[in-house]
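> Compute the structure for the input listed below.
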Amino acid sequence: MSSVSLIVQKFGGSSVADAESITRVARRIVATKALGHDVVVAVSAMGDTTDDLVDLAHSITDRPDPREMDMLLTTGERISMALLAMAIKSLGVDARSFTGSQAGMMTDSQHGAARIVDVTPDRVREALDEGAVAIVAGFQGFNRDSRDITTLGRGGSDTTAVALAAALDAEVCEIYTDVDGVFTADPRVVPKAHKVDVVTYEEMLELAAAGAKVLHIRAVEYARRHGVRLHVRSSFSDSQGTLVAAERGKNMEEPIITGVAGDLSVAKVTVIGVPDVPGKAAQIFTLVAGTGANIDMIVQNVSAANTGLTDISFTLPRTEGDAVVATLRSSQADVGFADVAYDDNIGKLSVVGGGMRTNAGVSAQLFTALFEAGINMEMISTSEIRISVVTRGDELKRAMGVVHAAFGLDGDVDAVVYAGTGR
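Take a look at the predicted model:
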């Protein structure tokens, strides 16, 4: 790395959970500045502040207004950015805090899940030119048309950091969390997981989509699209973390399996007794699309010869299940299916690795490991570098451990987790 460069650092909620943690983060930022780097910091709300604010809103009303919800939730990052700027100044280094709108994070108008449409970080550049550390509130932006504050949704602070890194042409975007990098599995679930030195954008996208919490999928996609180099590392140690880049080094062979991910936030919907004729699946998924639900795995059974009926199952985020089931039931007569079943006691297990392209037998090894452990698979989905299966939810943790060991990913010692949230 050059002696003078721009570095963007992102600190999650567990890294700034209290005054002591904020002071520790401030020292790290000041140390980076002392090496001659310009530093921009994106920061999340302290600890569980966002969850607490959500709970507070729902104690007032069952259906909080989306605009006012964004106004409420963005206060969490404003608290942490101001306190962090104070801590840095107390160490003798100038620092200035900016809200998302002040930092030029322009978004669309979708409250609660806004997408970045432009970044104009003029005030951030001015602060850097004047020798200050720029602290930016993550997770939030501003819509020019409505002139309203917006939030970016889950993982929004990661996306803020990557967007700033892209707009400012940063040398690297460092994502600080409470583990030492990207692991072969969540070390809270699989203690023998070990840190991976390098993963590709492609692998990280698959891991994030499969439930790995260390990086959010939108941030990884933004980084890939704009060529931002990511460095995932711990704010609790000085250890080298995991680099996320377009490709591994020239002398590094792709591992067959990079990691194992698990996700308990999914549910399964089964549409029962669907007439097996052209157009019925299109009708069903047009209805589902109208709810805004994000569909993942889809399985259609072979129709019964004596009835001409089939069942269609699909998975989706658990939070979207009720709306989808209600919509399908309201159109049951029009589509002509017999019933809808909903199951939220499932888990999704995925194995990811770029080496799958050139190595046969991965599926057989995965299925054999689960069979020998007595774990049933209810659905299967694949991509070029990923295999996902659905199990019972209460079997997911054991399944992850079994599969992790079967692919030889277990380390010699238990992984260190410094805080406990994964972000």
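
> Spatially, what comes nearest to S388 if we skip its sequence neighbours?
The shortest distance from S388 to any non-neighbouring residue, by Cβ to Cβ, 6 or more residues apart in numbering, is to S350 (4.2 Å). Heads up, the C-betas are built off the backbone N, CA and C, glycines and all.

> can I assume that neighbour is in contact with L205?
No. Applying Cβ atoms under 8 Å, one finds S350 not in contact with L205, separated by 11.9 Å.

> Who has more neighbours out of those two?
S350 (25 against 22; other Cβ atoms under 10 Å).

> part of a helix, is that one?
No. With DSSP: H, G, I helix; E, B strand; the rest coil as the criterion, S350 is strand rather than part of a helix.

> For it, give me its contacts.
Shown in contact with S350 (Cβ atoms under 8 Å, 6 or more residues apart in numbering): 206-207, 210-211, 260-263, 386-389.

> now the helices: where do they sit in the chain?
With DSSP state H as the criterion, the chain has helices at 19-34, 49-60, 66-90, 122-129, 156-168, 201-209, 217-226, 280-290, 321-330, 332-335, 362-372, 396-406.

> With distance to S146 and mean pLDDT added, can I get the ones you listed in TSV?
Shown next, in TSV, are the helices of the chain (distance: least, Cβ to Cβ, whole Å; pLDDT from 0 to 100):
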stretch	distance to S146	mean pLDDT
helix 19-34	33	96
helix 49-60	20	95
helix 66-90	8	97
helix 122-129	21	97
helix 156-168	18	96
helix 201-209	30	92
helix 217-226	21	94
helix 280-290	24	95
helix 321-330	25	96
helix 332-335	36	94
helix 362-372	48	96
helix 396-406	41	97
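
> most packed of those helices?
Highest mean neighbour count among these (mean count of other Cβ atoms under 10 Å): helix 156-168, with a mean of 28.

> can you state the direction angle for that helix and helix 217-226?
Put simply, helix 156-168 runs at 10 degrees to helix 217-226, going by axes from the mean of the first three to the mean of the last three Cα atoms, to 10 degrees.

> Give me the helices and strands touching helix 156-168, please.
strand 6-11, strand 38-43, strand 116-119, helix 122-129, strand 133-137, strand 172-177, helix 217-226 (3 or more Cβ pairs under 8 Å, 6 or more residues apart in numbering; DSSP states H and E).

> Relative to the whole chain's centre, how far out is the second one?
With Cα atoms, centre = their mean, to the nearest Å as the basis, strand 38-43 stands 20 Å off its chain's centre.

> Which elements pack onto it?
Strand 38-43 is packed against strand 6-11, helix 19-34, helix 66-90, helix 122-129, strand 133-137, helix 156-168, with contacts defined by 3+ Cβ pairs under 8 Å, 6+ apart.

> With distance to A45 as added columns, please give these in JSON lines.
Shown next, in JSON lines, are those (distance: least, Cβ to Cβ, whole Å):
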{"stretch": "strand 6-11", "distance to A45": "11"}
{"stretch": "helix 19-34", "distance to A45": "12"}
{"stretch": "helix 66-90", "distance to A45": "3"}
{"stretch": "helix 122-129", "distance to A45": "20"}
{"stretch": "strand 133-137", "distance to A45": "9"}
{"stretch": "helix 156-168", "distance to A45": "8"}
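
> before we move on, back to that, so which of the contacts of S350 is the most crowded?
V260 (32 neighbours).

> That one reaches A405, doesn't it?
No. Look at V260 against A405 with Cβ under 8 Å: they stay out of range, at 9.8 Å.

> still on that earlier bit, same list (the helices of the chain) but as a markdown table, adding distance to V244.
A markdown table is the format used below for these (distance: least, Cβ to Cβ, whole Å):
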| stretch | distance to V244 |
| --- | --- |
| helix 19-34 | 19 |
| helix 49-60 | 25 |
| helix 66-90 | 23 |
| helix 122-129 | 23 |
| helix 156-168 | 10 |
| helix 201-209 | 5 |
| helix 217-226 | 7 |
| helix 280-290 | 31 |
| helix 321-330 | 31 |
| helix 332-335 | 43 |
| helix 362-372 | 22 |
| helix 396-406 | 21 |
